[in-house]
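Enquirer: Task: produce atomic coordinates for the following.
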Amino acid sequence: MDPTLAAVLGGVIGAALALLSLGAMMISERAQRKIPESPEPAVPSGVATVLSVLRSSAVVMGPEDQVLQASAPAHVLGIVRGERLVVDDILTMVRQVRRDGEIRQQDLEIVRGRLGATQYVSARVAPLGSQLVLVLVEDRTRERRLEAIRRDFTVNVSHELKTPVGALILLADAVSEASDDPEAVQRFSDRMRVEASRLSRLVKEIIELSRLQGDDPLENPGPVDVNLVIEAAVDRCRIDADDRDIRIVVKSEPELEVLGSEDQLAMAIGNLVENAINYSPDGTRVAVTAHPIGDLVEVTVSDQGVGIPSSDLERVFERFYRVDRARSRETGGTGLGLSIVKHVASIHGGDVRVWSVEGQGSTFTVRLPLRLDPAAGQTGLSSQDRPAVPLAPTPSGQMKKETAS
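Expert: Residues are numbered from 1 along each chain as shown. So this is what the prediction gives:
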């Protein structure tokens, strides 16, 4: 081969090899410089932990309006289903925040279920990074209901106080005008005494009910003998019962103890006995019984009175609610007695129930947890182990305890 041609071919081949080497080196450098990128987490690290300890309903929304993370309260509240935020008003707030990055807060009403129950919530929406949005929702339903209760309570109290106060003013004017008529003065003064007593009782029960509705824990709760509570309640009503020839028959069992306040329980049972007397015809009977059922004690007050219409049974424990307003005015009833019974039973861990048929009478039952016997490690004796010790009325109306057979 010609030396010149061989030199040219060698140079071309060398140049090609050099180009190939250079290309390989460049590809290798690019490969080395390229670091595999790990995908960014959809939710920032630690957000799930924070959401789990929040009392609010918390939701993290993704860029496509999908739910990326939701706390348990959010599911319970019903604003999240699967990967969707089902409340349109909150979803609109999410989109607005994603668009302009401004924090928004709004009070909303959410209608849930077929019955159309309304929930009142406060929603706060804020940006979480460039694409994520954080939603915090507080359930304000209970607060709104309490506010409505307080408002209604204030209105009812104002209305109820006007009646005796107005009557006292009119009677005072009547006494002044009848100053030269001793009989009229005596009649008006007697009526003033009745209205003043009603006003005093109303104020006392309003104060007591307000304290009970505050859900304050019992101060220094202690063991309470249910039989002593019943005796105090019956003793409070004995004079009114004797005046109308109404017999109070008490049957109870020994060693029934609950934990709580003796004064409050005596007031509650006394209210039931007083109501039974007020709404019973003369010459009838009111029965008070107490017996254990499992780990509860049931105290029942039954009468042979006018009974309660079925349409009113669900409302008898409401404040100021009276089935028969005319009769309540005659007896001096305030409409607060049964509401006080309900709250006393509630703060003692129990409840109150009512059974009634018009023309046949009513039975109110207060159920309370029996006090645990530390020595026996159980709640007293069973009903089979307890000897019955009834309290029967003597001819004079006094109560005495019969010995067990």
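Enquirer: Report the secondary structure state of M267.
Expert: Of the three states, M267 takes helix under DSSP: H, G, I helix; E, B strand; the rest coil.
Enquirer: Pull the number of nearby residues for it.
Expert: Per other Cβ atoms under 10 Å, the neighbour tally for M267 reads 21. Any C-beta I mention is one placed from the backbone N, CA and C, and that applies to glycine too.
Enquirer: Next one: R319 from L338, what distance?
Expert: Per Cβ to Cβ, to the nearest Å, R319 is found 9 Å from L338.
Enquirer: so where's the stretch 151-300 of the chain shaky on pLDDT?
Expert: Flagging of the stretch 151-300 of the chain using pLDDT under 70 yields the residue ranges 152-157, 159-160, 163, 201, 205, 208-219.
Enquirer: any chance you could map the strands in it?
Expert: Assigned by DSSP state E, counting those that start in this stretch, the strands in the stretch 151-300 of the chain fall at 222-225, 247-252, 257-260, 285-293, 296-302.
Enquirer: so which of the ones you listed gets nearest L161?
Expert: Of all the strands of the stretch 151-300 of the chain, it is strand 296-302 that lies closest to L161, at 28.7 Å by Cβ to Cβ.
Enquirer: Run me through the strand neighbours of the closest one, direction for each.
Expert: strand 285-293 (antiparallel), strand 361-369 (antiparallel) (DSSP bridges).
Enquirer: How about residues contacting the first one?
Expert: Right, the one you point to is strand 285-293. Defining contact as Cβ atoms under 8 Å, 6 or more residues apart in numbering, one finds that strand 285-293 is touched by 226-227, 230, 233-234, 241, 246-253, 256, 269, 273, 276-277, 280, 297-304, 367, 370, 379-383, 386.
Enquirer: Taking those, please make a PyMOL selection of just the buried ones.
Expert: Selection of buried members from the contacts of strand 285-293 for PyMOL, criterion 16 or more other Cβ atoms under 10 Å:
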select buried, resi 226+227+230+233+234+241+246+248+249+250+251+252+253+256+269+273+276+277+280+297+298+299+300+301+302+303+304+367+370+379+380+381+386
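Enquirer: so of the strands paired with strand 296-302, which one's packed in deepest?
Expert: When you average the neighbours per residue for each of the strands paired with strand 296-302 (mean count of other Cβ atoms under 10 Å), strand 361-369 leads with a mean of 21.
Enquirer: For that strand, output the C-alpha coordinates as CSV.
Expert: The C-alpha coordinates for strand 361-369 follow below in CSV (Å, rounded to 0.1, in the frame of the first residue of the first chain):
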residue,chain,number,x,y,z
GLY,A,361,-102.0,7.8,87.0
SER,A,362,-98.2,8.2,86.5
THR,A,363,-95.1,6.4,87.6
PHE,A,364,-91.7,8.2,87.6
THR,A,365,-88.6,6.0,88.0
VAL,A,366,-85.2,7.3,89.0
ARG,A,367,-82.3,4.9,88.4
LEU,A,368,-79.0,5.5,90.1
PRO,A,369,-75.7,3.4,90.3
